[in-house]
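Q: Everything below, folded, please.
(chains A and B)
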Amino acid sequence: MSDKLRLPVEETYAAELAALKASDDGAKPVGWAMSPQSVVTYLLGGKAKDGTEISAKYVGKRRLIETAVATLATDRALLLLGVPGTAKSWVSEHIAAAVSGDSTMVIQCTAGTDENQVRYSWNYAELLAKGPSREALVPTPLFRAMEMGKTCRLEELTRMGSDVQDTLITVLSEKMLPIPELNDAVYASRGFNVIATANDRDKGVNDLSAALKRRFNVVVLPLPDDMDEEIAIVTKRVGEMADTLALPAPKNVQQEVARVLSIFRELRQGETLDGKTTLKSPSSTLSTAEAIAVMVGGLSHATFFAKGDLSAEGLGPTVLGAIVKDPVQDKAILEEYLETVLKSRRDYSDYYSVLTELL
Amino acid sequence: MVADVTYLGIRHHGPGSARRVVEALDALQPVEVLIEGPIDLSDQLPLLADDAMLPPVAQLAYPKDAPHQAFFWPFAVFSPEYQAVKWALAADVAVRYIDLPVAWRLPDAEAEAETTSIIDQEAYREPPQDDMPGQNIRQDPIGALAHAAGYEDGESWWRDVIEENPDPGPVFAAVTDAMTALREQEGGLDRIEAAREAHMRLEIAKSAKTAEGPIAVVCGAFHVPALKAKHTAKDDRALLKGAPKVKIMATWAPWTSPRLAFTSGYGAGVAAPGWCKHLWENPGSDQASIWVARIARTLRKEGQVVSTASLIETERLAKTLAAVRGRPRPGFEELRDATISCLCYGDPILWHLIESKLILGNEVGCIPENVPAAPLLEDLQKQQKKARLKPEALERDLSLDLRTESGLFRSTLLHRLLALNVPWGKLADAGRSRGTFREKWKLQWQPEFAVQLVENLVYGTSIENAASGRLTANLSEAQTLPALADLVFAALTAQLPLAAQSGIDRLGERAAQTNDCRELLGSLRPMVDIIRYGKARKTDTAKFGTLFERIATQGAVQLHYAARNLDAEASRAFSKILADADGAIRLADMNADLTDTWVSALRKVTYDEQAARLVMGSASRLLYQAEAMSPEAATLLLERMLSPGTAVADAAAFFEGFFEGAGQRLLYDEALRDCVNDWLVSLDDDTFMEHLPLFRRVLSALDKTEKKRLLDVLFGRRSSGTGRVLSEHADALWPDHFEALKEILIKGARNG
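A: Take a look at the predicted model:
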């Protein structure tokens, strides 16, 4: 047992990867650790040819994973898009582990990421002592991936500034990173590719420039289709977080999760659960992750201010906060939803009155 | 001598098999071509040779006395049957159908509900995407096999497995083998299916006896093993006993490519006619490239920017996907997934936007003029007889009482014809008198109406079905709520519940999508007409009431946002909509809840500082009229709005909104009058002149006496109604007068 909190996935799932590699008889693209078919099996679960059971890393549509893997095989870069909590980073990490056997070449993109963290930076002591040279150059994960022919991961691509993002254009189209200071360039070895993840619904992110966008093939990872599955995910995660925060969980957690989630899902999908009425969707994401946050907030409120009583009054303000991100539009949409849908549902009357009052 | 019989087992509407059929016929040079199709429609086949006959067309047959029970056998250009007939006609070779006569398909009592209504109800619905393979194994066995192999598209499977099969050997033999294996697992056939195969066997035997050369049989692949199997003619004849005897009429009708997508006739609908046509037209190796180019063109038409480089990437990704999935070349699914990823930036919504245009297409077929008379005309003649209305070229009036059976029947017929763009009757008072039980029509028949009527054949074979189909089609194109509401109204007056229902569904959807308060409120007026009219027409409008309530509520919620930032013209239009909507809501007389919501929405506008002043004025007038605002509150509001602190333009706009068409108010309400008076007096000359047209407009609603009375009250001349004026010193004079009168009266009494 390692004393690390979490190991890279290629170590955690080393046995599965080894079994797949050993029994792989499909054609391997140059620089790949296994055939694309085996990568798909690794992600979606199944059996290796020697009978080893492969666990499912991603539960969802097969098409999407096939498209993602095929994209990497065409040497095009892959962009995984989706709202928070749709397993983008998880999928990207596993694909990198399966394709290159190494998921650790990551650049975490933030508003503070500059070009030096994407291309290369300098060891200034060396630079001053010897002048510009390869020895004075400090490579980034992207730089190393190009040299080694591995997969580089860019997390939350759209959080870094647009001008910095555009550094990638040459890398993606010409597979080459110029080093003008040395009148040199790094030419990517076969097997190099980029998997980026980005969030398509948050506000305040830097949109991809058209030039960069068309250098990616995009796969959108959707939110869970199935309501019961989502309720189970939220209840489980809320339970875990309540444990970590030492919050006692009241009995009606699951019941409230179901009610909050049905409000979230109806607004998110733009129709009532019975499919009879179409609705407008607010600008907010209303993802599974947000439902979890709302429930944990409600639990904390219940513990400290409501004698452990989890109720619509306690959850109302956080639910409202999750739905209304744009004070004018979203408010109107929520108002419309309350008046046309929730008002007539007797078992939601407490949410109706709390939310109406808060609006 | 018994001729050689070659069986060409095909996939109905499969471009792959169509191509193979033509090749096989070329190689075989048969003397007779036999095709799976009702034998009594054979004499219609030569019409396909006509140059004016352009697929998609459908052969249609119906019992003479029941045109609504029609059957269609649609042909697309890529249908193997169509290609076989064309081949035979071009080569001057005998061609005929060999399946059971149409009459066999007529519904017994149990199947009454199905038949044509399927076509008309389902016509504009999405085809089922994920059919269980078992369900349609008989109709489309190749599709079922493809499903089982993990393909969504039967054509791609056919190409990958049947045509690309590395094993040498004719395609048709391979298909027959597959079907033989498939049929071994299938249970027995029902009676009709068994009778069909028996009939085909007998007909083939009959041809084989007389023919002097090879014979080709083109039929669904599923039937081939059974047709080849040995059966005695005696057994087969036994199966054919009890043939129904019904007089059948047959003709051709133009068809549309979206309608090809639905099950009818052969029972094998095409999931993606657009894709099939593409496959038929582009057999070469650049098939994928051409399809990607078509996708790009469609996307560009939708306003998307699609670069050529992205197209190259799309095709590359599709090819790699095919490799990952272990298929020899990219098919429909690979191209779709690649398009979503490369051209739509992963967004399936963008794909859905173009999907129906691409895969359904929008082709309409043509039929030559010399085809037999259409069932619609026959139906019209029958209905005219029943309604006792003769088509006359001279205009005449017709007044109908909708409470009588015959009145309602006639009105329904005329409304349906209107929906079919055959304006035989024009509604004379098409205005607002819809709540009444009377309709006045002007009837005049024009010869070209017959042609216009026949054009509707594509929507259905009886007046009712066609009208319903056409309205449904219009509904699916209409974009705004008021337009939809008008169409629903047309459907209700024409007694077409299916179309009305689909319209109501569309209204609900559209109401959810739209943010436009004007659109929402604008639809209330036609909707309230529908509700009221529905009562007169014995139509169930309960559901509609719920929808009305919902749209009204939505409109009310949006109201105060919509009332902001409007220029003069927009606010004038908006206040008219507001008044109409208010009228509609009061007329509909729903529950108190709705009225409350509406009143509080109006109040929000009234007290919203950012609202356009004209709209604000209208809203407060509506409140005042509905007695939801007390006279004191109204006076206070008017005082505030017309006070010197407010810009004159704003004040004038409010004034206009409040008094537009309601100038009489000034006669009776002293407090309001005083406010207005003070304001007018406070205006300087220039401003007054500037707004003079406005004041004129507001006061123009008053007639002469009213104007005079207004002047009188303003200048303190109290009118007694007889034109005489009460003296100012009446109080002081009255005691003397009274005394004098009393004296006269007492004197008179004594004398009397």
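Q: B:Leu507: which element?
A: helix B:497-513 (DSSP states H and E).
Q: Touching the next helix or strand after that helix from outside, list them.
A: Downstream of helix B:497-513, the next assigned helix or strand under DSSP H and E is helix B:517-522. Residues outside helix B:517-522 that contact it (CB atoms under 8 Å, 6 or more residues apart in numbering or on different chains) are B:480-482, B:511, B:514, B:551-552, B:554-555, B:558-559, B:561-562, B:573-574, B:577-578, B:580-581. In short, each C-beta sits where N, CA and C put it, glycine included.
Q: Send me helix B:517-522 as PDB with only the CA atoms.
A: C-alpha atoms of helix B:517-522 as PDB (Å, rounded to 0.1, in the frame of the first residue of the first chain):
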ATOM      1  CA  CYS B 517     -43.700  38.800 -24.400                       C
ATOM      2  CA  ARG B 518     -45.400  40.300 -27.400                       C
ATOM      3  CA  GLU B 519     -45.700  37.000 -29.100                       C
ATOM      4  CA  LEU B 520     -47.000  35.300 -25.900                       C
ATOM      5  CA  LEU B 521     -49.600  38.000 -25.300                       C
ATOM      6  CA  GLY B 522     -50.400  38.300 -29.000                       C
END
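Q: could you list every residue that touches B:Gln44?
A: Counting by CB under 8 Å, 6+ apart, B:Gln44 has contacts B:59, B:250-252.
Q: circling back to that earlier point, show me which of the contacts of helix B:517-522 neighbour chain A.
A: Applying CB under 8 Å from any CB of the partner chain to the contacts of helix B:517-522, one finds that B:511, B:554, B:558, B:561 fall near chain A.
Q: Pull out the buried members of those residues.
A: Among those, those classed as buried by 16 or more other CB atoms under 10 Å in any protein chain shown are B:511, B:554, B:558, B:561.
Q: Just the ones of these in helices?
A: Among those, the residues falling in helices (DSSP state H) are B:511, B:554, B:558, B:561.
Q: And the pLDDT at the residue of the stretch 251-400 of chain B at minimum distance from chain A?
A: The stretch 251-400 of chain B approaches chain A most closely through B:Gly346 (3.3 Å), counting by CB to the nearest CB. We have a pLDDT of 83 for B:Gly346.
Q: ok, it touching B:Thr339?
A: No. B:Gly346 lies out of contact with B:Thr339 (CB atoms under 8 Å); the separation is 10.7 Å.
Q: Excluding residues flanking it in the chain, which one is nearest B:Arg613?
A: Leaving out its chain neighbours, the residue that sits closest to B:Arg613 by CB to CB, 6 or more residues apart in numbering or on different chains is B:Ala653, at 3.8 Å.
Q: Show me which residues of the stretch 1-150 of chain A are close to chain B?
A: So the stretch 1-150 of chain A meets chain B at A:36-37, A:40, A:63, A:66-67, A:69-71, A:73-74, A:76, A:79, A:81 (CB under 8 Å from any CB).
Q: Farthest-apart pair in those, please.
A: A:Gln37 and A:Leu81 (24.5 Å; CB to CB).
Q: care to break chain B down by domain?
A: Using automatic domain parsing, the domain parsing of chain B gives B:5-262, B:284-360, B:375-459.
Q: What would stretch A:156-168 look like as PDB? C-alpha coordinates only.
A: Presented in PDB, the C-alpha positions along stretch A:156-168 are these (Å, rounded to 0.1, in the frame of the first residue of the first chain):
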ATOM      1  CA  GLU A 156      -9.100  23.600 -18.200                       C
ATOM      2  CA  LEU A 157      -7.700  25.000 -21.400                       C
ATOM      3  CA  THR A 158     -10.100  27.900 -21.600                       C
ATOM      4  CA  ARG A 159      -9.100  29.300 -18.200                       C
ATOM      5  CA  MET A 160      -5.800  30.600 -19.600                       C
ATOM      6  CA  GLY A 161      -5.700  33.800 -21.600                       C
ATOM      7  CA  SER A 162      -6.600  33.700 -25.300                       C
ATOM      8  CA  ASP A 163      -3.200  35.000 -26.300                       C
ATOM      9  CA  VAL A 164      -1.500  32.200 -24.400                       C
ATOM     10  CA  GLN A 165      -3.900  29.600 -25.800                       C
ATOM     11  CA  ASP A 166      -2.800  30.600 -29.300                       C
ATOM     12  CA  THR A 167       0.700  29.500 -28.600                       C
ATOM     13  CA  LEU A 168      -0.700  26.000 -29.300                       C
END
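Q: Pull the distance from that stretch to the chain's centre.
A: 17 Å (CA atoms, centre = their mean, to the nearest Å).
Q: So what's the gap between stretch B:581-600 and the chain middle?
A: Distance, centroid of stretch B:581-600 to centroid of chain: 29 Å (CA atoms, centre = their mean).
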